[in-house]
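Colleague: Sequence first, then the predicted structure:
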Amino acid sequence: METIAQNSFECHKEHADAKYIKHMKIVNQNIVHVWVETEYGTEIDLEHMDIDLLQSLLPKIQSPDKKLHILYNLTNIKSITYNYKYAITKLLFHLSPSIGVIAFYNISPSVNAIIQIFEAITPKGIIILQEKTYDDALTKIMQYNDGKPPTSSHAMLNNNDAQYIRCFLEGCARLSWLNIYDQPITIPPEGHPLQLLFQAFDSLREDLIVKEKTQGIEIARLRQEADRAIQDKIIVLKAKQELYAKKIQEKEEEIATLAKQIAHQENVKSYSIDHQKKHRKEIASLLSLINSLDINDSAKEKLQAACNKILKDEKELYNKISEVDKFYIQRVKEKFPILSDKELHTCLLITKNFNSKEIALEMGIAERGVETFRYRIHKKLTLPKNQSLKNYLLSLTL
């Protein structure tokens, strides 16, 4: 977790992930001293620019010429990350007030080249100093405030050497820090000892241009393929959604049909029971009437016997039909054990001349389900396609 702690002229932020604390302090009106604190003096990679820290101190800066100077201690810093390099270039071109001097001190050899490159891309008007100690760096900045601007490190080199060194370092910064590939580097004249090095560098720059274009084309191709794949997936998903919606609608229709069939069966069943009760009640009433008639006993007994015979014959007929059905189902089951109970029931109803609608009503399924049962039974009985299922089932009753 990163937190900013601040008093009137000093603030700091802890970077637990990078294992250091960044400090900033106003040391002389318009000079900000920057340093990092690490545990046990461990060397770290400088990762975070912490512009917010600097901005928190800006209201307290007092600068007659509206210039801000930075005094940077690089102790315990072994490297500077790309994120930091990118952030510091934004700071150079966008910070207000503008920067006058940036003085680095306690520079380790591993960071020296990065500071050289940084100086090469620094805008004109900003002086970059590389000093040994805090006092040396502070003295140079104080001279600037007194109207005696110090000379930058590159300006102290021989004219020709300074020009080519700065040119080379600027090229490195454009390629690495800013990703600018379209600016060619100035190549020394024929016979110069650095000509081959600069030519190789410019060849690298041109290769990077081609590589960037190639990568751009490849990225565009991959993006198009990804877009097409997404569109294809969307089309498939929509098709599946429509299919599922259709299936749901069909199932809902089947459920509605079954509900109607169940209701009809309940009505038929209720009617049959009521009819049987009514019939028995009528016969009972008839018997009661016969018993009350003032006729001779012989005639009365004949009438009573006739009524009782009707009841007995009705019961025996029902039982006989039930026993015959059971026998038939048992016979078919023994011959074709692979048939399910529902398929056996279907066979029985087919032999009784039930049509598909009547079978569906009797079994409580959709008519389409009856056709499925017929097809399965025909296949399980291994009958030829042109052979009548009904005729074959009737032959089993003989």
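Modeller: Cool, got the structure.
Colleague: can you pull out the helices in the stretch 251-398 of the chain?
Modeller: With DSSP state H, counting those that start in this stretch as the criterion, the stretch 251-398 of the chain has helices at 297-335, 341-351, 356-363, 367-380, 389-395.
Colleague: avg pLDDT for the third one?
Modeller: So that's helix 356-363. Taken as a whole, helix 356-363 has a mean pLDDT of 80.
Colleague: Show me what that helix is packed against.
Modeller: Secondary-structure packing of helix 356-363 (3 or more CB pairs under 8 Å, 6 or more residues apart in numbering; DSSP states H and E): helix 195-292, helix 341-351, helix 367-380. All C-beta atoms are positioned from the backbone trio N, CA, C, and that covers glycine.
Colleague: so of the ones you listed, which one's packed in deepest?
Modeller: Across the helices and strands packed on helix 356-363, averaging neighbours per residue (mean count of other CB atoms under 10 Å) puts helix 341-351 on top, at a mean of 18.
Colleague: can you state the direction angle for that one and helix 356-363?
Modeller: Helix 341-351 and helix 356-363 meet at an angle of 130 degrees, taking axes from the mean of the first three to the mean of the last three CA atoms, to 10 degrees as the criterion.
Colleague: Which other helices and strands does helix 341-351 contact?
Modeller: Packed next to helix 341-351, using 3+ CB pairs under 8 Å, 6+ apart, are helix 297-335, helix 356-363, helix 367-380, helix 389-395.
Colleague: quick revisit: for residue 118, which of the helices and strands packed on helix 356-363 is the nearest?
Modeller: Ranking the helices and strands packed on helix 356-363 by distance to residue 118, with CB to CB as the measure, places helix 195-292 first at 18.3 Å.
Colleague: quick revisit: would you mind giving the helices and strands packed on helix 341-351 as a markdown table with distance to residue 32 added?
Modeller: Formatted as a markdown table, those follow (distance: least, CB to CB, whole Å):
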| stretch | distance to residue 32 |
| --- | --- |
| helix 297-335 | 99 |
| helix 356-363 | 91 |
| helix 367-380 | 85 |
| helix 389-395 | 99 |
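Colleague: and of the ones you listed, who's closest to residue 77?
Modeller: Of these, nearest to residue 77 by CB to CB is helix 367-380, at 80.1 Å.
Colleague: Let me see the residues that make contact with that closest one.
Modeller: 336, 338-339, 342-343, 346-347, 350, 356-357, 359-360, 363, 389 (CB atoms under 8 Å, 6 or more residues apart in numbering).
Colleague: Format the CA atom coordinates belonging to that helix as PDB.
Modeller: Extracted as PDB, the C-alpha positions of helix 367-380 are listed here (Å, rounded to 0.1, in the frame of the first residue of the first chain):
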ATOM      1  CA  GLU A 367     -49.700 -38.500 -30.300                       C
ATOM      2  CA  ARG A 368     -46.100 -38.000 -31.400                       C
ATOM      3  CA  GLY A 369     -45.000 -40.200 -28.500                       C
ATOM      4  CA  VAL A 370     -47.400 -43.000 -29.700                       C
ATOM      5  CA  GLU A 371     -45.700 -42.900 -33.100                       C
ATOM      6  CA  THR A 372     -42.300 -43.200 -31.300                       C
ATOM      7  CA  PHE A 373     -43.600 -46.300 -29.400                       C
ATOM      8  CA  ARG A 374     -44.900 -47.900 -32.600                       C
ATOM      9  CA  TYR A 375     -41.500 -47.400 -34.300                       C
ATOM     10  CA  ARG A 376     -39.600 -48.800 -31.400                       C
ATOM     11  CA  ILE A 377     -41.900 -51.800 -31.100                       C
ATOM     12  CA  HIS A 378     -41.700 -52.500 -34.800                       C
ATOM     13  CA  LYS A 379     -37.800 -52.300 -34.600                       C
ATOM     14  CA  LYS A 380     -37.600 -54.500 -31.400                       C
END
